[in-house]
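Asks: this is a predicted model, with the sequence first.
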Amino acid sequence: MRRPGAEEEKSRGRGLLPFIGIFSLALVVRFAVSSSLSSLGLWQNPQFDAHENLLWARALASGDFTWPSPPTHGPAYPFFLAALLKLAGGSLDAARIAQSALASLSCVLVARTGEILFGRGAGLAAGILLALSGPVALVDVSFWEEGFVGVLLSAALLVLAARKTPTGAALAGVLLGVACAARPTAVLFVLAALAAVLLLEGWARRVPAALALAAGVALVLVPAVAASSKASGHFVFVRAYGAVNLWLGNDPSSGGVQNARPNGPWDRLAAEPARAGVAPKDEEAWFTRRTAERAAADPGGFARVVLSKLVWLTQAEEPRDNHSYAFFAAQSGILRMLPGFGLLIALASALVLVRPPMSAALVLLWAAAAALPFLVALAGLRYRMPLVPPLALFAGAGAALLLARVRTRDPRAIAAGAVVVALTLVASHIRRHSPSHVFAEEWALEGNAWMELERPADAERAFKNAREADPAAALPVEFLGRLRLAEGNAAAATPLFEESLRMDPDSRSAHFFLGQAREALGRWTGAISAYRAALEISPAFFPARFHLGRALVLADDPAAAVPELERAVALQPSEQPPRELLERARALANVPR
């Protein structure tokens, strides 16, 4: 076999340099974004979904392989994060560095895919655009599963573009199977991949390749579904609590964005099946059925909300889902400077000037699979994230087309391209989600993060910012009450909880902590009333159920405590304190076992 000569080696090295540059650029951007946010409590102690992923990952890293019941997240990302934490000795900064490196590799994968499908210039432009995308950079250094899923989807797309053989299809299937085990909506990309294998040019052995792809998916996905279903006691497709987003995202009054924010609106919505007597295993079907019934009863409203999400799909704005992107951008100079979705869609629009090549069909399938969950469920940063890589490929091709027109020095062609891009850029900025720019919620969660880290002065400062951001917001007042309660000042905490409940009477946690404060003051009747109010909102709220039973025992009413404690034991059979207190209540009330 002939060994490559010196000139060939030099040429190959020069060919790799742009890809190394893209990787380095992406890595520097992600390091800069993470560093700019490192002083935030939300960065040092993440909340919501990132917190749940971290809890599971830390348990796995410590050797505890107990599956959550039911799992609120797919297992693939927590297992991946657990491996990073294990290797990094538990360091969140080190885990973010590793995630940044993997995400930077994803930019290279997209660049290589673009090179194969649209040419070298288009591919390199796509990689650079993805490396510089502010929303993508934030997701990549956060403990959400979307960054991890994005790498898997980009790798699968490259394999499908480069290796049109059964072996390549099987490899793509394994990658897609892991993506599904992290985010169940990735099953749409499996369908897109099967369509590509069976329908697009270049696949000589179509049926064997399709079977290999399906086998690769099943190899990973079947064990994940089996484990989640076993832990839940009923069938669960990877994770639970997906259908509630279907209900939220198709509410005609919401415009497709998440309008049930913490605490009260979310507490009442999430517990609605329990209040209706629906068993936990039937909650997904219940929300799905109710969504379909609402759409059938109000087809005009359903059409309006889908149209609204279609508009959001094209906008540079990032409506709040877990947190507001605008909040992080406000705290980070680098995020404020980085381009977002608007630039990608503007550059991609240049392709309307030419007939798209056949190679665009694969990317179109990928983009359709990415857009569908956004349109069917919720509009938001994380739901749109899978659309960014295929859109970056089209944007790279659009940028290459514009550059080619500039090189021709044809004023008419240059002007046509410039007008299309400029108009699309303007159109992508016509809509603004005002609630995402009011940061009372983020500052309240920032304060909660500091409170959990036992830094009360920082928590106090964050709660002050939250109240200034929105004086009518209940969440900062409730968290401030929690801070006073943690300081041992129940007398100061009580009026704060009462004030927050006047603003938001549906917060189960505010009722619960009000009960705690009244207990600390020896006001048993008031405590019992507060716990009962929490349970009216959320009947399966274990802490309120247990503390209600405990308060009844301390208020010398053990007979009333027995049924409450029996329900508490049923909710958490493995918890020992409710069992012990139940036995005590039975003995005091002379109630047989």
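Replies: Alright, I've got the coordinates. Numbers count the residues shown, from 1 in each chain.

Asks: and the strand or helix carrying G216, what's buried?
Replies: Assigned by DSSP states H and E, G216 falls within helix 206-232. The neighbour-count check on helix 206-232 (16 or more other C-beta atoms under 10 Å) flags 206, 208-214, 216-217, 220-221, 224-225, 227-229, 231-232 as buried. The C-beta positions use only the backbone N, C-alpha and C, and glycine is treated the same way.

Asks: what of stretch 329-348?
Replies: So stretch 329-348, judged by 16+ other C-beta under 10 Å, has buried residues 329, 331-332, 334-335, 338, 340-348.

Asks: out of these, who's nearest E575?
Replies: Q331 (38.9 Å; C-beta to C-beta).

Asks: just the pLDDT at that closest one, thanks.
Replies: Looking at Q331, its pLDDT reads 97.

Asks: and the one 5 residues further on, by the same measure?
Replies: Confidence at R336, expressed as pLDDT, is 96.

Asks: tell me which other helices or strands the strand or helix carrying it touches.
Replies: Secondary structure assigned from DSSP H and E places R336 in helix 333-337. For helix 333-337, the elements it packs on are helix 6-36, helix 134-140, helix 325-331, judged by 3 or more C-beta pairs under 8 Å, 6 or more residues apart in numbering; DSSP states H and E.

Asks: quick check, distance from that helix to the centre of its chain.
Replies: 22 Å (C-alpha atoms, centre = their mean, to the nearest Å).

Asks: try stretch 332-341
Replies: For stretch 332-341, the distance to the chain centre is 20 Å (C-alpha atoms, centre = their mean).

Asks: can you list contacts of it?
Replies: Residues from elsewhere that reach stretch 332-341, judged by C-beta atoms under 8 Å, 6 or more residues apart in numbering: 29, 32-33, 36-37, 129, 132-135, 137-138, 315-316, 318, 328-330, 384, 388, 391, 428.

Asks: ChimeraX command for the buried members of these?
Replies: Filtering the contacts of stretch 332-341 down to the buried ones (16+ other C-beta under 10 Å) takes a single ChimeraX command:
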select :29,32,33,36,37,129,132,133,134,135,137,138,315,316,318,328,329,384,388,391,428
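
Asks: so which bits of whichever strand or helix holds A493 are buried?
Replies: Secondary structure from DSSP H and E places A493 in helix 490-503. Residues of helix 490-503 classed as buried by neighbour count (16+ other C-beta under 10 Å): 490, 493-494, 496-497, 500-501, 503.

Asks: test my guess that R304 contacts P252.
Replies: Yes - using C-beta atoms under 8 Å, R304 is in contact with P252, at 5.8 Å.

Asks: if we can go back for a sec, quick check: next helix or strand after the helix holding A493?
Replies: The helix or strand immediately downstream of helix 490-503 is helix 508-520, counting by DSSP H and E.

Asks: centre of the chain to whichever helix or strand comes after that following helix, how far?
Replies: For helix 508-520, the succeeding helix or strand toward the C-terminus, using DSSP H and E, is helix 524-537. Computed by C-alpha atoms, centre = their mean, the chain-centroid distance of helix 524-537 equals 33 Å.

Asks: which secondary structure elements does helix 524-537 sit against?
Replies: Using 3+ C-beta pairs under 8 Å, 6+ apart, helix 524-537 is in contact with helix 508-520, helix 542-554.

Asks: ok and the first one relative to helix 490-503, angle-wise?
Replies: Yep, that's helix 508-520 we're talking about. With axes from the mean of the first three to the mean of the last three C-alpha atoms, to 10 degrees defining the directions, helix 508-520 sits at 150 degrees from helix 490-503.

Asks: elements contacting helix 508-520?
Replies: Going by 3+ C-beta pairs under 8 Å, 6+ apart, helix 508-520 lies up against helix 264-270, helix 474-486, helix 490-503, helix 524-537, helix 542-554.

Asks: deepest-packed of these, please.
Replies: Of the helices and strands packed on helix 508-520, the one with the most neighbours on average (mean count of other C-beta atoms under 10 Å) is helix 474-486, at a mean of 24.

Asks: hmm, back to that, just the helices and strands packed on helix 333-337: most buried one?
Replies: Scoring the helices and strands packed on helix 333-337 by mean count of other C-beta under 10 Å, the most buried comes out as helix 134-140, with a mean of 26.

Asks: and the helix or strand hosting A449, average pLDDT?
Replies: In the assignment (DSSP H and E), A449 maps to helix 440-452. For helix 440-452, mean pLDDT is 98.

Asks: after it comes which helix or strand?
Replies: Counting by DSSP H and E, the next helix or strand C-terminal to helix 440-452 is helix 456-469.

Asks: what residues does that next one touch?
Replies: 41, 438-444, 446-448, 450-451, 473, 475-477, 479-480, 483, 486-487.

Asks: nearest to T72, out of the helices and strands packed on helix 524-537?
Replies: Short answer: helix 542-554, nearest of these by C-beta to C-beta, at 15.6 Å.

Asks: which other residues reach that closest one?
Replies: Helix 542-554 is contacted from outside by 508, 511-512, 515-516, 519, 524, 527-528, 531-532, 534-535, 538, 558, 560-562, 564-565, 567-568, 571-572, 575, 577-578, 581-582, 584-585, 588, using C-beta under 8 Å, 6+ apart.

Asks: same thing but at 6 Å, please
Replies: 512, 524, 527-528, 531, 534-535, 560-561, 564-565, 567-568, 571-572, 578, 585 (C-beta atoms under 6 Å, 6 or more residues apart in numbering).

Asks: for the record, mean pLDDT for whatever helix or strand comes next after it?
Replies: Next in sequence after helix 542-554, counting helices and strands by DSSP H and E, comes helix 558-571. Here helix 558-571 scores 94 as its mean pLDDT.

Asks: which parts of helix 558-571 are buried?
Replies: 558, 560-562, 564-569, 571.

Asks: ok, stretch 232-245 next?
Replies: Here stretch 232-245 shows 232, 236-240, 242-245 as buried, counting by 16+ other C-beta under 10 Å.

Asks: in helices only, show me those.
Replies: In this view, the buried residues of stretch 232-245 that belong to helices under DSSP state H are 232, 243-245.

Asks: list just the nearest of those to L102.
Replies: Checking those against L102 by C-beta to C-beta gives N245 as the nearest, at 26.4 Å.

Asks: distance of the closest one relative to P184?
Replies: 11 Å (C-beta to C-beta, to the nearest Å).

Asks: kindly report the same for K309.
Replies: The gap separating K309 from P184 is 19 Å, by C-beta to C-beta.

Asks: more neighbours: those two, which one.
Replies: Shown here are K309 and P184; by other C-beta atoms under 10 Å, K309 has more neighbours (25 against 20).
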